[in-house]
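>>> Model the following, please.
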Amino acid sequence: MIVTVARSVRKESERPRWRPDLSLFKGTIAYGMKFYISIIAGVIIIRADLLIVNHFRGEAEAGVYAVASQVAALLMLLPAVIALLLFPRVASDPDPRGEFALRVTRNASFLMLLICVAAGAASFGLPLVYGARFADSTIQLLILLPGVYLISIESVLVQHFTGTGLPPAIPVFWLVTVAVSLTLNFALVPYHPAEQPTGTTGDQVRLIDAALAASPGGRCDWGICTECGMGRVNRDEIPALLDLHGEILAAR
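Numbering: from 1, shown residues only. Model prediction:
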């Protein structure tokens, strides 16, 4: 035992002393902050509206909306798992054209389309499960489903950008969308029923998808719009999309 301990101590003493690698820390923290901003922004967009509804509309409407939002969050678990598995694959074998990520996104988008259609049909059963007081959760979930579908595509497709360096434009897109989302929710929720935040949440997700399609990677030779259903949008068209977004909300 003494000999074993002595050998272990000698081996430890022969190892070079640990020293902090500031260059490595700087690179990883810069990448991590961009990734963290995107994650937190997504959580705020999806969850903040429930807190706003509870504050301005009361616990009754917040409870009904919570059912729809929880079902929507449940539907997004599958693309989240796909994205979790896709990221290390993209990071370990970078592909500038993103062919593998595109193929996975195409399959995931088709699968999520089937799931969303099935969820839309099943949404009419929510009042049977939770009671007649939750009848409004059906229309709320139906309004949320387009956003669920698009954020599912985005969460898978963005792994190509995440695995190849995550351009700074993407977290900037998320921050802009958070600002627009919170502004619209605070402006509209106090004066409208709980269906309004479901619509604004879906609209913000569509803005993120448009911004992702307009990013430098989204304008390469991927053919995103024809392969997975996302419209090709140029970056200079984003202001026009925001104006159109405001006109749609004003017409509701």
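
>>> Please make it C-alpha for all contacts and neighbour counts, starting now.
Fine.

>>> Which other helices and strands does the helix or strand hosting residue 34 contact?
Assigned by DSSP states H and E, residue 34 belongs to helix 22-57. The elements that helix 22-57 packs onto, with contact taken as 3 or more CA pairs under 8 Å, 6 or more residues apart in numbering; DSSP states H and E, are helix 59-75, helix 169-188, helix 195-214.

>>> if we go to 10 Å?
Under the contact criterion of 3 or more CA pairs under 10 Å, 6 or more residues apart in numbering; DSSP states H and E, helix 22-57 touches helix 59-75, helix 136-163, helix 169-188, helix 195-214.

>>> So what angle separates the directions of that helix and helix 169-188?
20 degrees (axes from the mean of the first three to the mean of the last three CA atoms, to 10 degrees).

>>> List the buried residues of helix 22-57.
Residues of helix 22-57 classed as buried by neighbour count (16 or more other CA atoms under 10 Å): 31, 34-35, 37-38, 41-42, 45-50, 52-54, 56-57.

>>> Give me the angle between that helix and helix 136-163.
Going by the same axes, to 10 degrees, helix 22-57 makes 170 degrees with helix 136-163.

>>> The helices and strands packed on helix 22-57 into TSV, with extra columns for mean neighbour count, distance to residue 81 and mean pLDDT?
Output for these, formatted as TSV (neighbours: other CA atoms under 10 Å; distance: least, CA to CA, whole Å; pLDDT from 0 to 100):
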stretch	mean neighbour count	distance to residue 81	mean pLDDT
helix 59-75	18	11	90
helix 136-163	23	9	88
helix 169-188	18	21	86
helix 195-214	24	19	54
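
>>> Enumerate every residue touching residue 32.
With contact taken as CA atoms under 10 Å, 6 or more residues apart in numbering, residue 32 is in contact with 26, 166.

>>> Going forward, count from 369.
OK, 369 is where the count begins now, so the last one is residue 400.

>>> So it versus residue 447, what's the distance?
Distance, residue 400 to residue 447, by CA to CA, to the nearest Å: 21 Å.

>>> give me phi/psi at residue 534?
phi 50, psi 90 (degrees, to the nearest 10).

>>> I'd assumed residue 466 was in contact with residue 524.
No: the pair residue 524 and residue 466 fails to qualify as a contact (CA atoms under 10 Å) at a distance of 11.8 Å.

>>> shared neighbours, those two?
Common neighbours of residue 524 and residue 466 (CA under 10 Å, 6+ apart) are residue 472.

>>> on that earlier part again, which one of the helices and strands packed on helix 390-425 lies nearest to residue 475?
Taking CA to CA, helix 504-531 is the member of these nearest to residue 475, at 9.8 Å.

>>> Report the distance from that closest one to the chain centre.
Computed by CA atoms, centre = their mean, to the nearest Å, the chain-centroid distance of helix 504-531 equals 7 Å.

>>> What's the local residue count around residue 475?
Residues near residue 475, counting by other CA atoms under 10 Å, number 14.

>>> and if you look at residue 372?
9.

>>> mind checking pLDDT for it?
With respect to pLDDT, residue 372 scores 73.

>>> Helix or strand: which one has it?
Per DSSP H and E: helix 370-382 holds residue 372.
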